[in-house]
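Peer 1: below are the sequence and a predicted model; questions follow.
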Amino acid sequence: MVGYAFMGAAHSQGWRTAGRVFDLPRTPVLTAICGRDATAVRAAAERHGWASAETDWRALVERDDIDLVDICTPGDSHAEIALAALAAGKHVLCEKPLANSVEEAEAMTAAAEQAYARGQLAMVGFNYRRVPATALARSMVAEGRLGRLRHVRVTYLQDWLVDPQFPLTWRLRKEIAGSGSLGDLGAHIIDLAQYLTGERLSGVSALTETFVRERPLPGGAVKGLSAVSAETATGQVTVDDAAVFTGRFPSGALASFEATRYATGRKNALRIELNGEHGSLAFDLERLNELSYHDGTEPGAHAGFRRILVTEPDHPYLDAWWPPGHGLGYEHTFVHQARDLVHAVAEGRQPEPSFADGLQVQRVLAAVEESAEKNSVYTPIAV
Ligand code: SOE
């Protein structure tokens, strides 16, 4: 694994736990973790259960006791590490968004396709596909329970930037993060909307905004999404703070998206609602063991949204977990991600979402930026 901060910790937990909960065809071995600060990476290895630590990712990807490289760094290093790891014969898991530009994502996808011909796999980490309730929603849509879709309504709301004194951490710097709420949160909801509908957006109209353009520089360590400010020095925010966009699906369904870190009081509120001619589904990540379902074919007197408690053994992923009603959380999505990737490796089958899927999300992100620059002009997504 390269990177050991928030996502590194989450992925480590996934790798550590997957083989203890699920019967896997191969056993993940946490061989080495890599980061630039020797003391901090040794501490991370100890805490997260990695057998050794490296300070140079180039040395890590060349090690012959490593089969798979998991990239948990900010977006500016995804392409370089993924290309080197694929060239060194490794399977690759890369955190979302796949890259910081369409060009990088294209190069990564081309390399992944060539590597696939040599038996190597590459996957991008859109972990919210692995919430049991979203996986259930996917199968209900695919079974046709909603019929023809009319509306896809998606928001991803956080509030950790509301305070203008919150420091200028890497997520607010374009040269490191690629974009702001758009790439960080928007990428998740684009992928989830496309995964649930089984369709790809054909075009978008977008607005983006940077509400606070100057912030204090960080004054110490960053932990998760928290950080402290330096006393005086400030710097420019170079990414969007929020993105709002509409989109069309080829079937004719209309979609709306909102991604922001300024939704005061909303902590990790990824919500999606699908309305079809026969019914509707709604999901809220802050209540992730539940899926709301309205069956529009029931007699009007009895119809209405009902809550499916997605904790039954015949729900996706749940046969290996706790008795009904005992609920899962955010971290379990990473366990499921590791499980699915290990199965794909053992079967030599292309895992989803592939780098090509990540590239297509990158194209949507680029179309959103282009549309926003032209004040919301409808912008087709390049295929
Ligand atoms: C921060 O906004 C963040 O940690 C994202 O980077 C993650 O992808 C998301 O899962 C939670 O929020």
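Peer 2: Here it is on my side, so go on. Numbers count the residues shown, from 1 in each chain.
Peer 1: so what's the closest residue to the ligand within the chain up against?
Peer 2: When you check the chain against the ligand by C-beta to the nearest ligand atom, the closest residue turns out to be residue 184, at 4.6 Å. Glycine gets a C-beta too; all of them are placed from N, C-alpha and C. For residue 184, the residues meeting the contact criterion (C-beta atoms under 8 Å, 6 or more residues apart in numbering) are 97, 171, 177, 259.
Peer 1: ramachandran coordinates for it?
Peer 2: Torsion angles at residue 184 (phi, psi; degrees, to the nearest 10) stand at phi -80, psi -50.
Peer 1: just use 47 as the starting number from now, easier for me
Peer 2: With the count now opening at 47, the last piece we talked about shows up as residue 230.
Peer 1: what pLDDT does the residue positioned nearest the centre of the chain get?
Peer 2: Relative to the mean C-alpha position of the chain, the nearest C-alpha, by C-alpha atoms, centre = their mean, is the one of residue 172, at 3.3 Å. At residue 172 the predicted local distance difference test score is 98.
Peer 1: wait, isn't it in contact with residue 398?
Peer 2: No. Here residue 172 does not reach residue 398: they are 9.1 Å apart, not a contact under C-beta atoms under 8 Å.
Peer 1: CA atoms of the helix or strand harbouring residue 402 as PDB?
Peer 2: In this structure, residue 402 is located in helix 401-419 according to DSSP states H and E. These are the backbone C-alpha positions of helix 401-419, laid out as PDB (Å, rounded to 0.1, in the frame of the first residue of the first chain):
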ATOM      1  CA  PHE A 401      -9.900   1.800 -14.800                       C
ATOM      2  CA  ALA A 402     -12.000   2.300 -17.900                       C
ATOM      3  CA  ASP A 403     -15.000   3.100 -15.600                       C
ATOM      4  CA  GLY A 404     -12.700   5.500 -13.600                       C
ATOM      5  CA  LEU A 405     -11.700   7.200 -16.900                       C
ATOM      6  CA  GLN A 406     -15.400   7.700 -17.900                       C
ATOM      7  CA  VAL A 407     -16.100   9.300 -14.500                       C
ATOM      8  CA  GLN A 408     -13.000  11.500 -15.100                       C
ATOM      9  CA  ARG A 409     -14.600  12.600 -18.400                       C
ATOM     10  CA  VAL A 410     -17.800  13.500 -16.600                       C
ATOM     11  CA  LEU A 411     -15.800  15.600 -14.100                       C
ATOM     12  CA  ALA A 412     -14.000  17.300 -17.000                       C
ATOM     13  CA  ALA A 413     -17.400  18.000 -18.700                       C
ATOM     14  CA  VAL A 414     -18.700  19.500 -15.400                       C
ATOM     15  CA  GLU A 415     -15.700  21.800 -15.200                       C
ATOM     16  CA  GLU A 416     -16.000  22.800 -18.900                       C
ATOM     17  CA  SER A 417     -19.800  23.500 -18.500                       C
ATOM     18  CA  ALA A 418     -19.200  25.500 -15.300                       C
ATOM     19  CA  GLU A 419     -16.500  27.600 -17.100                       C
END
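Peer 1: show the end-to-end separation of stretch 138-148, please.
Peer 2: 19 Å (C-alpha to C-alpha, to the nearest Å).
Peer 1: I should have written stretch 299-316 there, sorry.
Peer 2: Criterion C-alpha to C-alpha; first-to-last residue distance in stretch 299-316 is 20 Å.
Peer 1: surely residue 198 is in a strand?
Peer 2: Yes. Following the definition DSSP: H, G, I helix; E, B strand; the rest coil, residue 198 is counted among the residues of a strand.
Peer 1: show me what from this structure comes close to the ligand.
Peer 2: Contacts of the chain with the ligand, taken as C-beta under 6 Å from any ligand atom, map to 52, 204, 230, 231, 234, 271, 314.
Peer 1: does the fourth one sit in a helix, a strand or a coil?
Peer 2: Okay, so that is residue 231. Under three-state DSSP, the three-state class of residue 231 is helix.
Peer 1: now do the same contact list for it.
Peer 2: Taking C-beta under 8 Å, 6+ apart as the criterion, residue 231 is in contact with 202, 204, 305, 306, 307, 316.
Peer 1: quick one: the helices in the protein?
Peer 2: For the chain, the helices defined by DSSP state H cover 52-67, 84-94, 103-108, 124-133, 148-163, 178-188, 220-223, 227, 233-243, 378-393, 401-419.
Peer 1: wait, isn't residue 385 in contact with residue 71?
Peer 2: No. Residue 385 is not in contact with residue 71 according to C-beta under 8 Å; the separation is 10.3 Å.
Peer 1: these two - which one has more neighbours?
Peer 2: For the pair residue 385 and residue 71, the greater number of neighbours falls to residue 385 (23 against 10), based on other C-beta atoms under 10 Å.
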